[in-house]
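Colleague: requesting a structural model of the entry that follows:
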Amino acid sequence: MKILALSAAGAAVASRCGPKAAALARLRRSGLPVPIGLVLTADAYRSHLASAGVEPAARRVLMAREDSAHRLALEVRLGLLQTPLPASVADGLAHACRDLSPDLPWLLAVRSSALHEGASSPSFAGQLETFLAVTDHADLLTGVRACWASLWSPRAVRYMLANGIDPAATAVAVLVQRLVPAVAAGGALSATHAGRIVLTAAWGLGPAVAQGEVVPDRYVLRRDGPVLEHVESGRKSRMLTCSPGGDLRWRPVTPALHSTPCLDEAQALALARLVLTAEAALDAPVEIEWALDAEGFHLLQARPAPAQATRAAGPAAVDGPCLAGQPAASGWAVGPARLVRTEAELDRVRPGDVLVTRVPGPALAAVLPRVVAVVAELGGSTSHLAALARERRIPAVLGIGDATRRIPEGARVVVDGTLGVVHVERTDSRRH
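Modeller: Presented below is the predicted three-dimensional model:
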């Protein structure tokens, strides 16, 4: 079958549904609060690739020169977008959505589930598309094709080639779920290098945290208990909201709530217990995405977390200010600061640089193979960029206010991603 309910046993098969969907299927079957949904398997993607007539172009991408590879990928992407879905798939999606539950609203999240996601392979964090607040069947079909096509975007193709993946050898399943009307959302790490649980939270829907649009609250808990040890308020000036009619937009957060923690102690403990239960169900440390609405907590994603390095002795701190942020990827590195304020400036990044930027979006994955560390003004410990940095074992510190103004271009910096601090060499000391 090409369409499976998320509660079906077959949905937990990662080779057909992708690790993202498969992990959620396992958690749902274990009784954890995962939103109701269905999976359009990778078989549907492969059939659509063939019917669009772009399989030959897809097979040539891996061995092509860079300019030719991007042209071929564009051909594949346009073919997937422009070719209508077969009536059997379109009708099957409509019936499957109705059969899931008579109460299932036409307000959905449509998410990519790449088959190479997982513990021993690249995570694809933030590299493929997600569409929120899909309100009707026509938009659902468009969202499915767009999820498939996102595998062939320049960002995703660069990511796959950098990680030794042949784009033609993988595929994309599509996860369709009820959209959670979240009042708060965020991420979690079930086990840090220090043996702690870390939760992050911001107001509204999850992209504010995942895409690094704000500095989220950060909660550190002991695993035994669990016991809340520390709460660090974030800087949450904007949030993504969705009306019952599907109006999705960014809105300013009331100033009084900018630094008000989204979760109280009881909620943080309840979420930590869910994270530990998810870890036990998947039999591995996990990275979680979650949402909170009037019904309680919901788990939106659970992927195996890469092992984090234990703390090693770093170089002596340089003679200059020490800036604090959220530890996002452990370890330490030293190098010259390269300031990047827009994506157009990414070509300025050279091997051995420390990337210093404002918004730690997933597009920065393109330069991670070149840099020794990442520093950003926004974002937190569970953003997509944090996951990509952990994947590549690159130290990262996010959420340092005004980092692009406080760190001079070319200054020697020491980035400690374990403690979440950045030491900046004084400008005058570089002249002596």
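
Colleague: in the protein, which residue is closest to the centre?
Modeller: residue 384 (3.4 Å; Cα atoms, centre = their mean).

Colleague: how about the nearest residue to that one, chain neighbours excluded?
Modeller: residue 126 (3.2 Å; Cβ to Cβ, 6 or more residues apart in numbering). Bear in mind the C-beta positions are built from the backbone N, C-alpha and C, glycine included.

Colleague: same thing with residue 211?
Modeller: In space, residue 211 is closest to residue 361, 5.9 Å off (Cβ to Cβ, 6+ apart).

Colleague: so what's the residue count around the one you found?
Modeller: 21 (other Cβ atoms under 10 Å).

Colleague: and it, how far from residue 374?
Modeller: 12 Å (Cβ to Cβ, to the nearest Å).

Colleague: hey, what's in contact with both of those two?
Modeller: Contact criterion Cβ atoms under 8 Å, 6 or more residues apart in numbering; residues shared by residue 361 and residue 374: residue 385.

Colleague: and the residue nearest to residue 51 when sequence neighbours are not counted, its phi and psi?
Modeller: With Cβ to Cβ, 6+ apart as the criterion, residue 51 has its nearest non-adjacent residue at 6.1 Å, and that residue is residue 83. Main-chain dihedrals, residue 83, degrees, to the nearest 10: phi -80, psi 120.

Colleague: wouldn't residue 83 be in contact with residue 47 here?
Modeller: No. Assessed by Cβ atoms under 8 Å, residue 83 is found out of contact with residue 47, at 10.7 Å.

Colleague: any idea how far the host helix or strand of residue 414 is from the chain center?
Modeller: According to DSSP states H and E, residue 414 maps onto strand 412-416. Remark: strand 412-416 is offset 25 Å from the chain centroid, using Cα atoms, centre = their mean, to the nearest Å.

Colleague: for whichever helix or strand comes after that strand, packing partners?
Modeller: Next helix or strand after strand 412-416 toward the C-terminus (DSSP H and E): strand 421-424. Secondary-structure packing of strand 421-424 (3 or more Cβ pairs under 8 Å, 6 or more residues apart in numbering; DSSP states H and E): strand 322-324, strand 412-416.

Colleague: circling back to that earlier point, now the residue nearest to residue 211. Its backbone dihedrals?
Modeller: According to degrees, to the nearest 10, residue 361 has phi -70, psi 160.

Colleague: got the contact list for it?
Modeller: 126, 211, 212, 384, 385 are the contacts of residue 361 under Cβ under 8 Å, 6+ apart.

Colleague: just the buried ones among these, please.
Modeller: 126, 211, 212, 384, 385 (16 or more other Cβ atoms under 10 Å).

Colleague: can you pull the alpha-carbon coordinates of the strand holding residue 414 into CSV?
Modeller: C-alpha atoms of strand 412-416 as CSV (Å, rounded to 0.1, in the frame of the first residue of the first chain):
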residue,chain,number,x,y,z
ARG,A,412,40.4,35.4,16.8
VAL,A,413,37.7,33.6,18.8
VAL,A,414,37.5,30.5,20.9
VAL,A,415,34.1,28.8,20.8
ASP,A,416,33.2,26.5,23.6
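
Colleague: which residues in the stretch 151-300 of the chain form helices?
Modeller: 154-162, 207-210, 265-282 (DSSP state H, counting those that start in this stretch).

Colleague: so residue 300 is in contact with residue 180, correct?
Modeller: Yes. Between residue 300 and residue 180 there is a contact under Cβ under 8 Å: 7.1 Å.

Colleague: joint contacts of the two?
Modeller: 35, 109, 291.

Colleague: and the first one, helix, strand or coil?
Modeller: If I follow you right, that is residue 35. Assigned with DSSP: H, G, I helix; E, B strand; the rest coil, residue 35 falls in the coil class.

Colleague: that one and residue 279, how far apart?
Modeller: 20 Å.

Colleague: for the second one, same thing?
Modeller: Relative to residue 279, residue 109 is positioned 23 Å away (criterion: Cβ to Cβ).

Colleague: next: the last one.
Modeller: As defined by Cβ to Cβ, residue 291 lies at a distance of 19 Å from residue 279.

Colleague: can you pull out the strands in the stretch 101-250 of the chain?
Modeller: 108-114, 130-134, 172-178, 184-189, 196-203, 217-222, 227-232, 238-242, 248-252 (DSSP state E, counting those that start in this stretch).

Colleague: could the ones you listed go into TSV alongside mean neighbour count?
Modeller: Listed next are the strands of the stretch 101-250 of the chain as TSV, based on neighbours: other Cβ atoms under 10 Å:
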stretch	mean neighbour count
strand 108-114	25
strand 130-134	21
strand 172-178	26
strand 184-189	27
strand 196-203	27
strand 217-222	22
strand 227-232	15
strand 238-242	20
strand 248-252	12
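
Colleague: make CSV from those and add mean pLDDT and distance to residue 159 to it.
Modeller: Shown next, in CSV, are the strands of the stretch 101-250 of the chain (pLDDT from 0 to 100; distance: least, Cβ to Cβ, whole Å):
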stretch, mean pLDDT, distance to residue 159
strand 108-114, 92, 10
strand 130-134, 92, 16
strand 172-178, 94, 13
strand 184-189, 98, 20
strand 196-203, 97, 23
strand 217-222, 98, 27
strand 227-232, 97, 31
strand 238-242, 96, 24
strand 248-252, 95, 26
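
Colleague: wait, which of those is closest to residue 71?
Modeller: strand 172-178 (20.9 Å; Cβ to Cβ).

Colleague: elements contacting that closest one?
Modeller: Against strand 172-178 (3+ Cβ pairs under 8 Å, 6+ apart) you get helix 14-29, strand 37-40, helix 42-51, strand 108-114, helix 137-150.

Colleague: so which of these is nearest residue 235?
Modeller: strand 108-114 (26.3 Å).

Colleague: just want the angle from that closest one to helix 14-29.
Modeller: Here the directions of strand 108-114 and helix 14-29 differ by 130 degrees (axes from the mean of the first three to the mean of the last three Cα atoms, to 10 degrees).

Colleague: strands paired with strand 108-114, and their directions?
Modeller: strand 130-134 (antiparallel), strand 172-178 (antiparallel) (DSSP bridges).
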